[in-house]
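Colleague: Give me the fold of what follows.
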Amino acid sequence: MQEQHIALVTETFPPEINGVAGTLGNLCRELARRGHRLTLIRPHQRDEPPGGHNPLFGERTLRVRGLPLPGYPTLRFGLGARRRLHRLWRQKPPDAIYVATQGPLGWSAVAAARELGLPCLSGFHTNFHQYSSYYGAGFLEPLIRRYLVAFHNRSCATLAPTTRICDQLSGWGIHTTHCWSRGVDSQLFNPGRRSRVLRAQWNADNAPVVLYVGRLAAEKNLMQAVTTFERLRDCHPSARFVLVGDGPLRQTLEQAHPEFIFRGTRRGVDLARHYASADIFLFPSESDTFGNVVTEALASGLAVVAFDQAAAREHIRHRVHGMKAPPGDIESFTAAALELADRPGFRRQIGGNAREHAQTLDWSVLAERFEQLLLEPTEEAAQHDATPPVAGLHPY
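Modeller: Down below sits the predicted model:
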(Lines give C-alpha, C1' and ligand atoms only; values in the text may rest on other atoms or scores of the structure.)
Protein backbone atom coordinates (compact mmCIF):
# COMPACT_ATOMS: atom_id res chain seq x y z
CA MET A 1 0.00 0.00 0.00
CA GLN A 2 1.30 3.47 -0.88
CA GLU A 3 2.16 6.03 1.78
CA GLN A 4 -0.85 7.47 3.59
CA HIS A 5 -1.25 10.24 6.14
CA ILE A 6 -2.86 8.87 9.31
CA ALA A 7 -3.96 11.02 12.25
CA LEU A 8 -4.22 9.33 15.66
CA VAL A 9 -6.12 11.01 18.50
CA THR A 10 -5.47 9.74 22.01
CA GLU A 11 -5.32 10.78 25.66
CA THR A 12 -2.22 8.67 26.29
CA PHE A 13 0.94 7.63 24.45
CA PRO A 14 4.47 6.46 25.31
CA PRO A 15 6.47 7.16 27.40
CA GLU A 16 3.35 6.82 29.56
CA ILE A 17 2.81 3.24 30.72
CA ASN A 18 -0.61 1.63 30.34
CA GLY A 19 -2.33 -0.74 27.95
CA VAL A 20 -3.62 1.94 25.58
CA ALA A 21 -0.26 3.71 25.34
CA GLY A 22 1.54 0.41 24.78
CA THR A 23 -0.88 -0.66 22.06
CA LEU A 24 -0.61 2.65 20.21
CA GLY A 25 3.16 2.69 20.54
CA ASN A 26 3.46 -0.74 18.94
CA LEU A 27 0.93 0.18 16.26
CA CYS A 28 2.70 3.43 15.34
CA ARG A 29 6.06 1.68 15.13
CA GLU A 30 4.67 -0.79 12.61
CA LEU A 31 2.75 1.84 10.61
CA ALA A 32 5.92 3.92 10.33
CA ARG A 33 7.81 0.85 9.13
CA ARG A 34 5.15 0.43 6.45
CA GLY A 35 5.92 3.95 5.20
CA HIS A 36 2.94 5.92 6.52
CA ARG A 37 3.11 9.50 7.79
CA LEU A 38 1.71 9.86 11.30
CA THR A 39 0.24 12.84 13.12
CA LEU A 40 -0.38 12.31 16.82
CA ILE A 41 -2.93 14.51 18.62
CA ARG A 42 -2.83 14.24 22.40
CA PRO A 43 -2.80 16.31 25.62
CA HIS A 44 0.41 17.67 27.12
CA GLN A 45 1.77 14.91 29.35
CA ARG A 46 2.66 15.32 32.99
CA ASP A 47 6.29 16.45 33.39
CA GLU A 48 6.69 16.73 29.62
CA PRO A 49 9.55 19.12 28.68
CA PRO A 50 8.53 22.45 27.07
CA GLY A 51 9.69 21.29 23.67
CA GLY A 52 7.88 17.98 23.97
CA HIS A 53 9.28 14.47 23.83
CA ASN A 54 11.43 13.47 20.88
CA PRO A 55 9.44 11.62 18.20
CA LEU A 56 9.56 7.87 18.68
CA PHE A 57 8.51 6.88 15.16
CA GLY A 58 8.99 10.04 13.12
CA GLU A 59 5.49 11.22 14.05
CA ARG A 60 4.41 14.84 14.13
CA THR A 61 2.72 15.67 17.45
CA LEU A 62 0.01 18.25 18.03
CA ARG A 63 -0.45 18.90 21.76
CA VAL A 64 -3.72 20.19 23.15
CA ARG A 65 -4.81 21.40 26.55
CA GLY A 66 -5.67 18.79 29.15
CA LEU A 67 -6.53 18.22 32.80
CA PRO A 68 -5.57 15.45 35.26
CA LEU A 69 -7.75 12.36 34.87
CA PRO A 70 -9.68 11.71 38.13
CA GLY A 71 -8.23 8.66 39.86
CA TYR A 72 -5.24 8.64 37.50
CA PRO A 73 -3.10 11.64 38.54
CA THR A 74 -0.26 10.67 36.21
CA LEU A 75 -2.56 10.86 33.15
CA ARG A 76 -4.41 13.76 31.54
CA PHE A 77 -7.56 13.91 29.47
CA GLY A 78 -7.67 16.27 26.52
CA LEU A 79 -10.12 19.14 26.32
CA GLY A 80 -12.27 19.60 23.23
CA ALA A 81 -10.45 21.04 20.21
CA ARG A 82 -13.03 20.82 17.41
CA ARG A 83 -12.33 24.23 15.84
CA ARG A 84 -8.58 23.71 15.93
CA LEU A 85 -8.82 20.26 14.40
CA HIS A 86 -11.37 21.42 11.81
CA ARG A 87 -8.99 24.19 10.71
CA LEU A 88 -5.98 21.87 10.65
CA TRP A 89 -7.71 19.08 8.74
CA ARG A 90 -9.38 21.44 6.28
CA GLN A 91 -5.95 22.81 5.32
CA LYS A 92 -4.10 19.46 5.37
CA PRO A 93 -6.61 16.63 5.45
CA PRO A 94 -5.28 13.23 6.57
CA ASP A 95 -6.23 10.17 4.56
CA ALA A 96 -7.81 8.62 7.66
CA ILE A 97 -8.28 9.29 11.39
CA TYR A 98 -8.22 6.89 14.33
CA VAL A 99 -9.66 8.11 17.64
CA ALA A 100 -8.44 5.82 20.41
CA THR A 101 -10.05 7.43 23.47
CA GLN A 102 -13.54 8.71 24.13
CA GLY A 103 -13.11 11.87 26.18
CA PRO A 104 -13.84 15.48 25.13
CA LEU A 105 -10.81 15.49 22.80
CA GLY A 106 -11.99 12.32 21.09
CA TRP A 107 -15.56 13.59 20.74
CA SER A 108 -14.34 16.83 19.16
CA ALA A 109 -12.07 14.90 16.76
CA VAL A 110 -14.96 12.71 15.58
CA ALA A 111 -17.12 15.81 15.15
CA ALA A 112 -14.47 17.60 13.06
CA ALA A 113 -13.95 14.51 10.91
CA ARG A 114 -17.71 14.21 10.25
CA GLU A 115 -17.98 17.88 9.30
CA LEU A 116 -15.16 17.49 6.79
CA GLY A 117 -16.24 14.10 5.46
CA LEU A 118 -13.01 12.40 6.50
CA PRO A 119 -12.92 8.65 7.22
CA CYS A 120 -12.71 8.16 10.98
CA LEU A 121 -12.60 4.98 13.05
CA SER A 122 -12.83 4.84 16.83
CA GLY A 123 -11.32 2.37 19.27
CA PHE A 124 -12.85 0.71 22.32
CA HIS A 125 -9.78 0.19 24.52
CA THR A 126 -11.12 0.60 28.06
CA ASN A 127 -14.25 -0.41 29.98
CA PHE A 128 -14.67 3.02 31.56
CA HIS A 129 -18.36 2.35 32.17
CA GLN A 130 -17.36 -0.39 34.65
CA TYR A 131 -14.76 1.71 36.45
CA SER A 132 -17.40 3.96 38.03
CA SER A 133 -18.54 1.13 40.33
CA TYR A 134 -15.01 0.76 41.76
CA TYR A 135 -14.94 4.41 42.82
CA GLY A 136 -18.34 4.72 44.46
CA ALA A 137 -20.15 6.09 41.40
CA GLY A 138 -21.84 3.00 39.98
CA PHE A 139 -25.03 5.00 39.45
CA LEU A 140 -23.25 6.75 36.56
CA GLU A 141 -22.73 3.55 34.55
CA PRO A 142 -25.94 3.80 32.45
CA LEU A 143 -25.15 7.42 31.56
CA ILE A 144 -21.55 6.58 30.65
CA ARG A 145 -22.74 3.69 28.48
CA ARG A 146 -25.21 5.96 26.69
CA TYR A 147 -22.41 8.42 26.03
CA LEU A 148 -20.16 5.65 24.66
CA VAL A 149 -22.86 4.42 22.28
CA ALA A 150 -23.41 7.96 20.99
CA PHE A 151 -19.66 8.52 20.65
CA HIS A 152 -18.91 5.37 18.69
CA ASN A 153 -21.95 5.67 16.44
CA ARG A 154 -20.60 9.02 15.24
CA SER A 155 -17.50 7.32 13.82
CA CYS A 156 -17.52 5.16 10.69
CA ALA A 157 -16.78 2.00 12.70
CA THR A 158 -15.44 0.88 16.07
CA LEU A 159 -12.45 -1.41 16.61
CA ALA A 160 -12.54 -3.67 19.67
CA PRO A 161 -9.89 -6.16 20.82
CA THR A 162 -12.00 -9.33 21.06
CA THR A 163 -15.04 -10.86 19.37
CA ARG A 164 -16.80 -10.93 22.73
CA ILE A 165 -16.36 -7.16 23.17
CA CYS A 166 -17.61 -6.63 19.61
CA ASP A 167 -20.73 -8.63 20.42
CA GLN A 168 -21.20 -6.65 23.63
CA LEU A 169 -20.95 -3.33 21.80
CA SER A 170 -23.37 -4.48 19.12
CA GLY A 171 -25.78 -5.46 21.88
CA TRP A 172 -25.58 -1.95 23.27
CA GLY A 173 -26.55 -0.51 19.89
CA ILE A 174 -23.17 0.42 18.41
CA HIS A 175 -23.74 -0.01 14.70
CA THR A 176 -20.48 -1.19 13.11
CA THR A 177 -17.76 -3.05 14.97
CA HIS A 178 -14.64 -4.91 13.83
CA CYS A 179 -12.33 -7.11 15.87
CA TRP A 180 -8.77 -5.80 15.93
CA SER A 181 -6.71 -7.77 18.43
CA ARG A 182 -3.29 -7.12 20.01
CA GLY A 183 0.19 -8.44 19.40
CA VAL A 184 3.25 -8.88 21.58
CA ASP A 185 6.96 -8.27 21.10
CA SER A 186 8.20 -11.83 21.61
CA GLN A 187 11.81 -10.76 21.10
CA LEU A 188 11.66 -8.36 24.03
CA PHE A 189 9.53 -10.63 26.21
CA ASN A 190 11.15 -14.05 26.21
CA PRO A 191 12.23 -16.71 28.75
CA GLY A 192 15.90 -16.12 27.96
CA ARG A 193 15.83 -12.97 30.09
CA ARG A 194 15.40 -14.98 33.30
CA SER A 195 17.75 -13.44 35.87
CA ARG A 196 19.44 -15.25 38.74
CA VAL A 197 20.40 -11.85 40.12
CA LEU A 198 16.76 -10.75 40.36
CA ARG A 199 15.67 -14.01 41.95
CA ALA A 200 18.49 -13.69 44.48
CA GLN A 201 17.31 -10.15 45.31
CA TRP A 202 13.85 -11.60 45.89
CA ASN A 203 15.37 -14.34 48.05
CA ALA A 204 13.57 -16.84 45.83
CA ASP A 205 16.18 -19.52 45.05
CA ASN A 206 13.98 -22.53 44.19
CA ALA A 207 10.80 -21.06 45.65
CA PRO A 208 7.89 -20.28 43.31
CA VAL A 209 7.68 -16.59 42.38
CA VAL A 210 4.19 -15.25 41.73
CA LEU A 211 4.03 -12.09 39.63
CA TYR A 212 1.47 -9.33 39.09
CA VAL A 213 2.09 -6.58 36.52
CA GLY A 214 -0.29 -3.66 36.18
CA ARG A 215 -1.89 -0.73 37.88
CA LEU A 216 -2.31 -1.15 41.64
CA ALA A 217 -5.92 -0.08 41.68
CA ALA A 218 -9.34 -1.32 42.71
CA GLU A 219 -10.64 -1.83 39.16
CA LYS A 220 -7.90 -4.43 38.57
CA ASN A 221 -9.46 -6.75 41.21
CA LEU A 222 -6.06 -6.80 42.87
CA MET A 223 -7.33 -8.15 46.18
CA GLN A 224 -8.17 -11.41 44.39
CA ALA A 225 -4.45 -11.78 43.59
CA VAL A 226 -3.56 -11.02 47.20
CA THR A 227 -6.02 -13.61 48.54
CA THR A 228 -4.80 -16.22 46.06
CA PHE A 229 -1.18 -15.68 46.99
CA GLU A 230 -1.92 -15.91 50.70
CA ARG A 231 -3.60 -19.29 50.12
CA LEU A 232 -0.66 -20.42 48.01
CA ARG A 233 1.83 -19.33 50.66
CA ASP A 234 0.05 -21.45 53.25
CA CYS A 235 1.19 -24.50 51.23
CA HIS A 236 4.49 -23.02 50.02
CA PRO A 237 5.83 -20.79 52.83
CA SER A 238 8.92 -19.75 50.84
CA ALA A 239 6.87 -18.43 47.87
CA ARG A 240 7.38 -14.80 46.87
CA PHE A 241 4.85 -12.28 45.52
CA VAL A 242 6.32 -9.63 43.22
CA LEU A 243 4.18 -6.67 42.13
CA VAL A 244 5.29 -4.47 39.23
CA GLY A 245 3.39 -1.22 38.75
CA ASP A 246 2.05 1.70 40.73
CA GLY A 247 -1.29 3.15 41.69
CA PRO A 248 -3.56 4.30 44.52
CA LEU A 249 -3.50 0.95 46.37
CA ARG A 250 0.27 0.70 46.63
CA GLN A 251 0.67 2.46 49.98
CA THR A 252 -2.17 0.47 51.54
CA LEU A 253 -0.74 -2.82 50.29
CA GLU A 254 2.79 -1.99 51.41
CA GLN A 255 1.55 -1.26 54.92
CA ALA A 256 -0.61 -4.40 55.09
CA HIS A 257 1.93 -6.72 53.41
CA PRO A 258 5.52 -5.63 54.01
CA GLU A 259 6.62 -9.13 52.95
CA PHE A 260 5.43 -8.52 49.36
CA ILE A 261 8.03 -7.27 46.89
CA PHE A 262 6.97 -3.98 45.30
CA ARG A 263 9.07 -3.09 42.24
CA GLY A 264 7.27 0.02 41.01
CA THR A 265 7.12 0.96 37.33
CA ARG A 266 9.44 -0.97 35.01
CA ARG A 267 10.11 -0.54 31.29
CA GLY A 268 11.71 -2.33 28.39
CA VAL A 269 14.33 -4.97 29.07
CA ASP A 270 14.07 -4.38 32.82
CA LEU A 271 10.35 -5.22 32.70
CA ALA A 272 11.02 -8.23 30.49
CA ARG A 273 13.53 -9.57 33.04
CA HIS A 274 10.91 -9.31 35.78
CA TYR A 275 8.46 -11.35 33.74
CA ALA A 276 10.99 -14.02 32.80
CA SER A 277 12.30 -14.35 36.37
CA ALA A 278 8.89 -15.30 37.78
CA ASP A 279 7.06 -18.64 37.60
CA ILE A 280 3.32 -17.94 37.87
CA PHE A 281 1.49 -14.88 36.56
CA LEU A 282 -1.80 -13.77 38.12
CA PHE A 283 -4.23 -11.67 36.08
CA PRO A 284 -7.28 -11.17 38.32
CA SER A 285 -8.87 -8.28 36.39
CA GLU A 286 -12.46 -8.64 35.21
CA SER A 287 -12.67 -5.10 33.83
CA ASP A 288 -9.96 -5.06 31.12
CA THR A 289 -11.02 -5.13 27.48
CA PHE A 290 -7.89 -7.13 26.66
CA GLY A 291 -4.93 -7.08 29.05
CA ASN A 292 -1.63 -6.74 27.17
CA VAL A 293 0.21 -8.03 30.23
CA VAL A 294 -1.31 -11.47 29.59
CA THR A 295 0.34 -11.84 26.19
CA GLU A 296 3.59 -10.42 27.59
CA ALA A 297 3.50 -13.09 30.29
CA LEU A 298 2.75 -15.80 27.71
CA ALA A 299 5.70 -14.64 25.58
CA SER A 300 7.90 -14.75 28.68
CA GLY A 301 7.07 -18.42 29.21
CA LEU A 302 5.02 -17.95 32.37
CA ALA A 303 2.11 -20.07 33.49
CA VAL A 304 -0.80 -17.60 33.54
CA VAL A 305 -3.88 -17.77 35.76
CA ALA A 306 -6.76 -15.59 34.55
CA PHE A 307 -10.52 -15.45 34.32
CA ASP A 308 -11.94 -16.72 31.03
CA GLN A 309 -12.38 -13.40 29.29
CA ALA A 310 -10.46 -10.72 27.38
CA ALA A 311 -6.95 -11.83 26.30
CA ALA A 312 -7.19 -15.10 28.22
CA ARG A 313 -10.35 -16.10 26.38
CA GLU A 314 -8.73 -15.33 23.03
CA HIS A 315 -5.27 -16.79 23.60
CA ILE A 316 -5.30 -19.37 26.40
CA ARG A 317 -6.50 -22.92 25.94
CA HIS A 318 -7.19 -24.15 29.46
CA ARG A 319 -4.44 -26.40 30.83
CA VAL A 320 -2.46 -26.03 27.58
CA HIS A 321 -1.32 -22.38 27.38
CA GLY A 322 -2.41 -21.41 30.88
CA MET A 323 -5.13 -21.84 33.48
CA LYS A 324 -8.56 -20.21 33.22
CA ALA A 325 -11.34 -19.82 35.76
CA PRO A 326 -14.98 -18.96 34.99
CA PRO A 327 -15.55 -15.21 35.46
CA GLY A 328 -16.24 -14.47 39.11
CA ASP A 329 -15.24 -17.95 40.31
CA ILE A 330 -12.63 -16.98 42.88
CA GLU A 331 -12.20 -20.52 44.20
CA SER A 332 -11.35 -21.89 40.74
CA PHE A 333 -8.91 -19.02 40.19
CA THR A 334 -7.11 -19.81 43.44
CA ALA A 335 -7.20 -23.58 42.85
CA ALA A 336 -5.50 -23.08 39.46
CA ALA A 337 -2.66 -21.11 41.04
CA LEU A 338 -2.25 -23.74 43.76
CA GLU A 339 -2.00 -26.53 41.20
CA LEU A 340 0.70 -24.67 39.30
CA ALA A 341 2.67 -24.14 42.51
CA ASP A 342 2.30 -27.83 43.46
CA ARG A 343 3.33 -29.18 40.05
CA PRO A 344 6.49 -27.48 38.73
CA GLY A 345 6.82 -29.89 35.79
CA PHE A 346 3.26 -29.12 34.64
CA ARG A 347 3.95 -25.43 35.16
CA ARG A 348 7.02 -25.53 32.93
CA GLN A 349 5.11 -27.44 30.23
CA ILE A 350 2.39 -24.80 30.19
CA GLY A 351 5.01 -22.05 30.05
CA GLY A 352 6.62 -23.65 27.00
CA ASN A 353 3.27 -23.93 25.23
CA ALA A 354 2.48 -20.32 26.13
CA ARG A 355 5.74 -19.12 24.63
CA GLU A 356 5.15 -21.04 21.42
CA HIS A 357 1.67 -19.55 21.00
CA ALA A 358 2.81 -16.00 21.79
CA GLN A 359 5.35 -16.12 18.97
CA THR A 360 2.43 -16.20 16.50
CA LEU A 361 1.07 -12.85 17.78
CA ASP A 362 3.13 -10.61 15.52
CA TRP A 363 2.46 -6.87 15.62
CA SER A 364 3.30 -6.52 11.91
CA VAL A 365 0.33 -8.74 11.01
CA LEU A 366 -1.99 -6.75 13.27
CA ALA A 367 -0.74 -3.46 11.81
CA GLU A 368 -1.63 -4.75 8.34
CA ARG A 369 -5.13 -5.61 9.58
CA PHE A 370 -5.47 -2.12 11.10
CA GLU A 371 -4.29 -0.58 7.84
CA GLN A 372 -6.95 -2.47 5.89
CA LEU A 373 -9.73 -1.48 8.27
CA LEU A 374 -8.72 2.17 8.41
CA LEU A 375 -7.70 2.82 4.83
CA GLU A 376 -10.06 0.53 2.91
CA PRO A 377 -13.48 1.62 4.26
CA THR A 378 -16.50 -0.46 3.34
CA GLU A 379 -19.59 0.89 1.60
CA GLU A 380 -21.44 0.46 4.90
CA ALA A 381 -18.91 2.71 6.66
CA ALA A 382 -19.14 5.34 3.92
CA GLN A 383 -22.94 5.47 4.24
CA HIS A 384 -22.53 5.86 8.00
CA ASP A 385 -21.30 9.43 7.50
CA ALA A 386 -24.94 10.38 7.03
CA THR A 387 -25.91 9.28 10.55
CA PRO A 388 -27.81 12.20 12.16
CA PRO A 389 -26.56 13.88 15.34
CA VAL A 390 -27.57 12.36 18.67
CA ALA A 391 -30.12 14.39 20.61
CA GLY A 392 -28.79 15.93 23.77
CA LEU A 393 -25.12 15.39 22.96
CA HIS A 394 -23.10 18.10 21.20
CA PRO A 395 -19.50 18.35 19.95
CA TYR A 396 -17.13 20.40 22.06
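
Colleague: Now residue 287: phi and psi?
Modeller: phi -120, psi -10 (degrees, to the nearest 10).

Colleague: State the distance from it to residue 182.
Modeller: 16 Å (CB to CB, to the nearest Å). For the C-beta atoms, the positions are set from N, CA and C on the backbone; glycine is no exception.

Colleague: all strands of the stretch 151-300 of the chain, in order?
Modeller: 157-160, 177-179, 209-213, 240-244, 261-264, 280-283 (DSSP state E, counting those that start in this stretch).

Colleague: so which of those is the most packed in?
Modeller: Highest mean neighbour count of the strands of the stretch 151-300 of the chain: strand 280-283, a mean of 28 (counted as mean count of other CB atoms under 10 Å).

Colleague: Give me the residues contacting it.
Modeller: The contact list for strand 280-283, computed with CB atoms under 8 Å, 6 or more residues apart in numbering, reads 208-214, 225, 228-229, 275, 291, 293-294, 297, 302-307, 311-312, 337, 340-341, 347.

Colleague: go on, stretch 78-88?
Modeller: Under CB under 8 Å, 6+ apart, the answer for stretch 78-88 is 11, 41-43, 62, 64-67, 103-109, 111-112, 115-116, 395-396.

Colleague: May I see the PyMOL selection of the buried members of those?
Modeller: In PyMOL, a selection of the buried entries from the contacts of stretch 78-88 looks like this (16 or more other CB atoms under 10 Å):
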select buried, resi 11+41+42+43+64+66+103+104+105+106+107+108+109+111+112+395+396
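
Colleague: Quick check: residue 373 vs residue 167, distance?
Modeller: Taking CB to CB, one finds residue 373 at 18 Å from residue 167.

Colleague: Compare the two (neighbour count), which wins?
Modeller: residue 373 (20 against 13; other CB atoms under 10 Å).

Colleague: If you count contacts, what does the helix or strand hosting that one end up packed against?
Modeller: Element membership for residue 373 (DSSP states H and E) is helix 363-375. For helix 363-375, the packing partners by 3 or more CB pairs under 8 Å, 6 or more residues apart in numbering; DSSP states H and E come out as helix 19-33, strand 96-99, strand 157-160.

Colleague: try 10 Å
Modeller: When contacts are defined as 3 or more CB pairs under 10 Å, 6 or more residues apart in numbering; DSSP states H and E, helix 363-375 sits against strand 5-9, helix 19-33, strand 96-99, strand 120-123, strand 157-160, strand 177-179.

Colleague: tell me the most buried of the ones you listed?
Modeller: Highest mean neighbour count among those (mean count of other CB under 10 Å): strand 120-123, with a mean of 28.

Colleague: elements contacting it?
Modeller: Under the contact rule (3+ CB pairs under 10 Å, 6+ apart), strand 120-123 is packed against strand 5-9, helix 19-33, strand 96-99, helix 104-116, helix 141-153, strand 157-160, helix 363-375.

Colleague: and of the ones you listed, who's closest to residue 242?
Modeller: helix 19-33 (19.7 Å; CB to CB).

Colleague: Could you check the angle that closest one makes with strand 5-9?
Modeller: 170 degrees (axes from the mean of the first three to the mean of the last three CA atoms, to 10 degrees).

Colleague: mind listing what the helix or strand that helix 19-33 is followed by pairs with, with the direction of each?
Modeller: For helix 19-33, the succeeding helix or strand toward the C-terminus, using DSSP H and E, is strand 37-43. Paired strands of strand 37-43, with direction, are strand 5-9 (parallel), strand 60-64 (parallel) (DSSP bridges).

Colleague: weakest of the ones you listed by average pLDDT?
Modeller: Across the strands paired with strand 37-43, strand 60-64 has the smallest mean pLDDT, namely a mean of 93.

Colleague: what bridges to the nearest residue to residue 113 once chain neighbours are set aside?
Modeller: Excluding the flanking residues, the one nearest residue 113 by CB to CB, 6 or more residues apart in numbering is residue 120, at 3.7 Å. For residue 120, the beta-bridge partners under DSSP bridges are residue 97.

Colleague: Return the residues in contact with residue 120.
Modeller: 7, 9, 94, 96-99, 109-114, 154-157, 374, 377, 381, 384-385 (CB atoms under 10 Å, 6 or more residues apart in numbering).
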